[in-house]
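A.B. asks: give me a model of this one.
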Amino acid sequence: MSAPAASDGPRVLITGGTGNTGRGIAARLEAAGARVRIASRTAPAADRRAGVEHVRFDWADPATHEEALRGVDRAYLVAPALVEDPSVPMLPFIDRALAGGVRRLVLLSSSALPEGSPGIGLVHRALRERAPEWTVLQPSWFMQNFVDPRNLRLAGILGPGEITSATGGGRVAFIDADDIAAVGARALLDSAPHNAAHIITGPEALSYDDVAAILSEVAGRTIRHVRADEETARAQLVKAGAPAPYAAFLARLDLAIRDGAEDRVTDVVQRVTGRAPRAFRDFARAHASAFR
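C.D. replies: Numbering: from 1, shown residues only. Just a heads-up that it's a prediction; the model follows:
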């Protein structure tokens, strides 16, 4: 059966529409016949695809919010980057969206941030309490962090061949952003709302020692995990360009990993999408040139 015409599908706003998960969600929604509005801070190149629209959007600029929300009934929400408390701009936006007729909201959060915790955890709670239809995506750490030039630890991998963290031997079931996008698209498109928080993981939990070994194998050179204390990990992140409060936040997440908070594997990708999530080794092999 062919996809329905764009005019027949839901109208969906995608904030962070040019990011790791937003791109994958937009492509899936477009293929399903949804009318897609991609919101980003930079003015995009002309896009003449049927059912795809671009608008300038900045969480910090409420003047851009009205046009982003005009006429949409569903929205995908990605928090502003490097902001200590994303609930400050996001909660008023959610109230505005619901008042304007948006019915279904899907939020990208993190497995490390439970409902009600400061920042994005408050946004999570607001969706559950206020939105008629909602889903919160809580993925583990992205595999893309190891190849994204904006990642604060990438310079260490590419330079001296080191991943410095305070995670110790703690393990993470790293997840491919495309698998997150697959779950997010279903949350936006399925006829029945999920009304759930999905903990999304890859198929196996790995320590940073394991990650370094896999990267060494695919890169053909030695990459090692440097086990640091919290202060050293924080200082390294600041040196790499992170604002001090954000670096401190990331270092605390390292300690949570060290203490086992991310050592779990779920079946969400398989259950929601019908296919297994990508393994980290397969991801690393596909991006081997990035580590050489």
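
A.B. asks: can we go C-alpha only for contacts and neighbour counts from here?
C.D. replies: Noted.

A.B. asks: what about whatever helix or strand residue 92 lives in, average pLDDT?
C.D. replies: Following DSSP states H and E, the helix or strand that holds residue 92 is helix 87-99. For helix 87-99, the mean pLDDT works out to 97.

A.B. asks: what about the residue nearest to residue 126 when sequence neighbours are not counted, neighbour count?
C.D. replies: Excluding the flanking residues, the one nearest residue 126 by C-alpha to C-alpha, 6 or more residues apart in numbering is residue 91, at 7.5 Å. Residue 91 has 17 neighbours, counted by other C-alpha atoms under 10 Å.

A.B. asks: also the one 10 residues further on?
C.D. replies: By the criterion of other C-alpha under 10 Å, residue 101 has 14 neighbours.

A.B. asks: so it: helix, strand or coil?
C.D. replies: coil (DSSP: H, G, I helix; E, B strand; the rest coil).

A.B. asks: which outside residues touch the helix holding residue 92?
C.D. replies: 59-60, 65, 69, 79, 119-120, 122-123, 126, 131 (C-alpha atoms under 8 Å, 6 or more residues apart in numbering).

A.B. asks: try it again with 6 Å
C.D. replies: Outside helix 87-99, the residues that touch it by C-alpha atoms under 6 Å, 6 or more residues apart in numbering are 119-120, 123.

A.B. asks: any idea how far the residue nearest to residue 126 lies from residue 125?
C.D. replies: Noted for residue 91: a distance of 10 Å to residue 125, by C-alpha to C-alpha, to the nearest Å.

A.B. asks: same question, residue 10
C.D. replies: Taking C-alpha to C-alpha, one finds residue 10 at 25 Å from residue 125.

A.B. asks: low pLDDT regions in the stretch 151-292 of the chain?
C.D. replies: Along the stretch 151-292 of the chain, no part satisfies pLDDT under 70.

A.B. asks: dump the residue contacts of residue 251.
C.D. replies: Contacts of residue 251 (C-alpha under 6 Å, 6+ apart): 230, 234.

A.B. asks: follow-up on the earlier one: next, the angle from the helix or strand just after the helix holding residue 92 to helix 87-99.
C.D. replies: Tracing the chain past helix 87-99, the next element assigned as helix or strand by DSSP H and E is strand 104-108. Angle, strand 104-108 to helix 87-99, by axes from the mean of the first three to the mean of the last three C-alpha atoms, to 10 degrees: 160 degrees.
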